[in-house]
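Novice: quick one, what's the 3D model for this:
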Amino acid sequence: MDLPEVSAASVVAALAARGQTLATAESLTGGLIGATITAVPGASVAYRGGVVAYATDLKHTLAGVPQDVLDACGPVSGQTALALARGVRDVAGADWGIAVTGVAGPDPQDGHAPGEVWVAVAGPDGPAQAVRHDVEGDRDAVRRATVRAALGLLAAALDAGAAPGEQPVPAWR
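Specialist: Below you'll find the model as predicted:
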């Protein structure tokens with residue numbers, strides 16, 4: 001089952017209604033999630049900010065990903081996405097953190113095919129969740145699909161009214 005298309009405005013409204021905040025950690029999208037959220041008038045009520053950690057070392061120094069996770073799993077992995085989501089949530093003092101990492105293409109990276117994307121969400125209570133997506137298309141299509149997947153995963157977690165790990169969230173492709 002696919003996640004429904006979710007607008008940034010609906011995510012901002014849901015966060016605002018709960019009195020909660022969001023921070024983002026982005027790799028392959030290069031700030032596109034933050035730009036999409038901040039295009040919503042009044043987004044500052046819920047959006048604390050984000051980190052664009054394109055280089056692997058910045059995932060550690062700016063977003064708090066433990067070096068042992070990067071060493072063991074690499075920059076493109078579910079574990080790294082989870083650590084990014086938790087790290088940016090904590091660094092920014094937000095209730096929620098969403099993170100994306102992957103390969104936008106057109107070339108493979110460290111054994112990962114173009115279109116392999118990891119999206120993670122970490123909420124205020126309980127475990128975080130990472131979901132792998134295999135996206136087809138050119139670089140722009142992969143980046144745009146990743147933004148939709150991140151917003152969809154966060155909206156599903158908010159709609160569940162629980163920590164993301166407590167409810168299965170279907171993969172979106």
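
Novice: what comes up buried for stretch 11-19?
Specialist: Within stretch 11-19, the residues that count as buried by 16 or more other Cβ atoms under 10 Å are 11-12, 14-15. All C-beta spots, glycine's among them, are computed from the backbone N, C-alpha and C.

Novice: in what helix or strand does residue 48 lie?
Specialist: strand 47-52 (DSSP states H and E).

Novice: show me what that strand packs onto, helices and strands only.
Specialist: Here strand 47-52 touches strand 22-26, helix 32-38, helix 78-92, going by 3 or more Cβ pairs under 8 Å, 6 or more residues apart in numbering; DSSP states H and E.

Novice: could those go into JSON lines alongside distance to residue 57?
Specialist: JSON lines is the format used below for the helices and strands packed on strand 47-52 (distance: least, Cβ to Cβ, whole Å):
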{"stretch": "strand 22-26", "distance to residue 57": "14"}
{"stretch": "helix 32-38", "distance to residue 57": "21"}
{"stretch": "helix 78-92", "distance to residue 57": "13"}
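
Novice: so which of those comes closest to residue 46?
Specialist: strand 22-26 (5.7 Å; Cβ to Cβ).

Novice: now the strands for this protein?
Specialist: 22-26, 47-52, 96-102, 116-122, 129-134 (DSSP state E).

Novice: dump these into a markdown table; add mean neighbour count as well.
Specialist: Output for the strands of the chain, formatted as a markdown table (neighbours: other Cβ atoms under 10 Å):
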| stretch | mean neighbour count |
| --- | --- |
| strand 22-26 | 29 |
| strand 47-52 | 21 |
| strand 96-102 | 30 |
| strand 116-122 | 28 |
| strand 129-134 | 20 |
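
Novice: who wins for proximity to residue 62 among the ones you listed?
Specialist: strand 47-52 (4.9 Å).

Novice: now the closest one against helix 78-92, angle please.
Specialist: Between strand 47-52 and helix 78-92, the angle comes out at 130 degrees (axes from the mean of the first three to the mean of the last three Cα atoms, to 10 degrees).

Novice: please name every helix or strand in contact with the helix ranked longest in the chain.
Specialist: Taking DSSP state H as the criterion, the chain has its longest helix at helix 139-160. Where contact means 3+ Cβ pairs under 8 Å, 6+ apart, helix 139-160 is packed against helix 8-18, helix 32-38, strand 96-102, strand 116-122, strand 129-134.

Novice: what's the second one in contact with?
Specialist: By that I understand helix 32-38. Outside helix 32-38, the residues that touch it by Cβ atoms under 8 Å, 6 or more residues apart in numbering are 8, 11-12, 22, 24, 26, 43-44, 47, 49-50, 52, 98, 100, 143-144, 146-147, 150-151.
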